[in-house]
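J.: Kindly return the folded structure for what I paste below:
(one chain, ligands or ions: 1)
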Amino acid sequence: MSKLKSKKLRAQLDPASEENVLKSDIFKALATRGLTWDDVAVDMALLRPKRQKLTPEQLQLRAHKPIVSTSIIDLTSHGDGIAIYDHKATPRAPGIRRFEVLLIPSVLPGEQVSAKIRYTEQFWSRCDLLSVDSHFSPMRNNDLVQCKYFGQCSGCQFQMVPYPDQLILLRNTVKRAYETLCDLPKIPQILPTMPSPQQFMYRTKITPHFSKPKNDEPLKIGFNMAGGAPGEIDIEDCIIATQPIRDSMKQERLNIAANIDKYKNGATLLLRETYKLDDNGQFYPTTTTDNNETATTFVGKWRFEYFAGDFFQNNASILVDFTNYVKQNIGTNIKYLVDAYCGAGLFSVTCSDSAERILGIDISAPSIKSAKRNAELNNIKNATFIAGNAEAIFEPVKTETEPDLTAVIIDPPRKGCDTKFLNQLLEFSPKKIIYISCNVFTQARDLKYFLTHPSGAPYTVESVRGVDLFPQTRHVESIAVLSR
Ligand SMILES: C[S@@+](CC[C@H](N)C(=O)[O-])C[C@H]1O[C@@H](n2cnc3c(N)ncnc32)[C@H](O)[C@@H]1O
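T.: Numbers count the residues shown, from 1 in each chain. Next up, the predicted model:
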């Protein structure tokens, strides 16, 4: 089986995959109207004929892009509004059932909106928002929108929502993830979301991209369009990025335009904030565009260096609160700290005085090089770092630590942990586990596996809390604390 096919199959089977999370959101919305998938599924044979000439019916379905007036039932976990359009009064394309699920960006539950259908998939259609017409949500305040691209750019979803309400929406996402994927009596009430001190100009890394224009097309350097529309939206300025990044974005755009002939297809740019020393020995913020350059970030009293193209948390303004919260939850009776998926050592360094001995592991050899460098820079002598697959940490951990005195921090990528890692964690059975995730759905899936395993029985879930690392967007970081 090809790599792509097996990836697709794995996503189909994974209840926490983007597609299955979306399906579960829509399924719940359908249930509120007494509908099921059978009421909305489109005939795929009509939708995607394979290489044969399109029949008039198929052509009509392809051209099915009416403007509709509809009301928003709920938000998906990806921040789009869900509407169920009843075609009773309008002509339908062949293959479209009476009810059609619409996904509409930049809207809130309860709102009555006009939208244009962009394209139709088997169970839903993606739309462009034309206007919000009535029943404005109490959470909507359009005066808060600061970006002229909002609604067209896929980057932000919630600029029209006051910040305290954004935190509520994020908490709802965490709740929904646990209700859907880890609905166990052991899960406590989800705590209020940790706010970000800065809600604009916080992003320390952005990656705008462009395709080389064909013929007389204009050059567009920016981000994906909202609502799954093809191509990029041209972005001159991004107000969630820090000031040095905003400044250098202007120059980078000019450089690309001047050198566009040198590009074969297109490219993705890196704009990463870093601190450099001036002639007086003072650090000043600036930007690097070189993946291999060393970037510097300060987190309170700690200094971090890492390769600009490697992973480092993107909102520096919240990192003191974020790492303090992790440290508080390690508690006091811990002698050994395991930092699985440690990256450049953010938690190993900031929590270094929470344990006598720290062991970090990451699959990225350059990140491990940075973690070692960061321990040195911050005069930390009790940390050891290994480059390898996360589960390889259990070999040294079993011989060099005691489970009753060990806390394990887990901070995997979006896809979460694999069962090999979770099985070894269960077997090792540390006193405390702090699971940090940028994808609360895979976190909830992994915790269900862990907590329903016979060896997971002794654990209680002390807390689950969202952290707003990405204000104005639907993304939420989540921290779950387990102990036995
Ligand atoms: C979300 S980042 C967290 C990094 C770090 N904890 C931080 O906050 O800066 C996830 C990290 O997991 C690493 N990673 C991905 N797959 C891995 C695996 N199978 N084993 C170990 N590390 C892995 C990546 O290299 C990345 O550094």
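J.: Against Ser17, how distant is Pro458?
T.: The spacing between Pro458 and Ser17, counted by CB to CB, to the nearest Å, is 30 Å. C-beta coordinates here come from the backbone N, C-alpha and C atoms, glycine included.
J.: Pick out whichever of these two has more residues nearby.
T.: More crowded of Pro458 and Ser17, by other CB atoms under 10 Å: Ser17, with 18 against 10.
J.: Check whether the more buried one really touches Leu9, as I assumed.
T.: No: using CB atoms under 8 Å, Ser17 makes no contact with Leu9, being 10.6 Å away.
J.: residues contacting the closest residue to the ligand within the chain?
T.: The ligand sits closest to Gly343 of the chain, with a gap of 2.7 Å, by CB to the nearest ligand atom. The contact partners of Gly343, by CB atoms under 8 Å, 6 or more residues apart in numbering, come to 306, 310-312, 362, 364, 367, 370-371, 411.
J.: Number of residues surrounding the residue lying closest to Asp234 once chain neighbours are set aside?
T.: What sits nearest to Asp234 in space, not counting adjacent residues and going by CB to CB, 6 or more residues apart in numbering, is Lys220, at 3.9 Å. For Lys220, the count of nearby residues is 18 (other CB under 10 Å).
J.: next one: the one 3 residues further on
T.: Applying other CB under 10 Å, we find 21 residues neighbouring Phe223.
J.: Wait, a helix at it?
T.: No: going by DSSP: H, G, I helix; E, B strand; the rest coil, the assignment for Phe223 is strand, not a helix.
J.: if we can go back for a sec, and the gap between the residue of the chain closest to the ligand and Phe307?
T.: Distance of Gly343 to Phe307, given as CB to CB: 11 Å.
J.: Overlap in contacts, the two.
T.: Common neighbours of Gly343 and Phe307 (CB under 8 Å, 6+ apart) are 367, 370.
J.: so where's the stretch 251-400 of the chain shaky on pLDDT?
T.: Within the stretch 251-400 of the chain, no stretch has pLDDT under 70.
J.: which stretches of it form helices?
T.: Using DSSP state H, counting those that start in this stretch, the helices found in the stretch 251-400 of the chain span residues 319-330, 346-350, 365-377, 394-400.
J.: Of these, flag the one that's most buried.
T.: Most buried of the helices of the stretch 251-400 of the chain, by mean neighbour count (mean count of other CB atoms under 10 Å): helix 346-350, with a mean of 25.
J.: Just want the phi and psi numbers for the residue of the chain most remote from its centre.
T.: Farthest-out residue of the chain from its mean C-alpha position, per CA atoms, centre = their mean: Pro56, at 41.0 Å. Dihedral angles of Pro56 (phi, psi; degrees, to the nearest 10) stand at phi -60, psi -40.
J.: Show me what the biggest helix by length in the chain is packed against.
T.: Longest helix in the chain, counting residues (DSSP state H): helix 163-181. With contacts defined as 3 or more CB pairs under 8 Å, 6 or more residues apart in numbering; DSSP states H and E, helix 163-181 has these neighbours: helix 18-32, strand 191-194, helix 440-452, strand 460-467.
J.: What residues sit buried inside it?
T.: Under the neighbour-count criterion of 16 or more other CB atoms under 10 Å, helix 163-181 has 165-167, 169-178, 180-181 buried.
J.: Check whether the nearest residue to Gly151 once chain neighbours are set aside sits in a helix, strand or coil.
T.: Closest residue to Gly151 apart from its sequence neighbours, by CB to CB, 6+ apart: Ser106 at 4.4 Å. Secondary structure state of Ser106, per three-state DSSP, is coil.
J.: okay, now Ser106: neighbour count?
T.: Ser106: 24 neighbours (other CB under 10 Å).
J.: Verify the stated contact: it with Ser154.
T.: No: counting by CB under 8 Å, Ser106 does not reach Ser154; the two are 10.6 Å apart.
J.: I'd assumed Pro162 was in contact with Gln472.
T.: No: Gln472 is beyond contact range of Pro162, at 11.5 Å (criterion: CB under 8 Å).
J.: quick one, which of these two is more surrounded?
T.: Set Gln472 next to Pro162 and count neighbours by other CB under 10 Å: Gln472 wins out with 27 against 14.
J.: wait, what's in contact with Asp237?
T.: If you count contacts by CB under 8 Å, 6+ apart, then Asp237 has 246, 249-250 around it.
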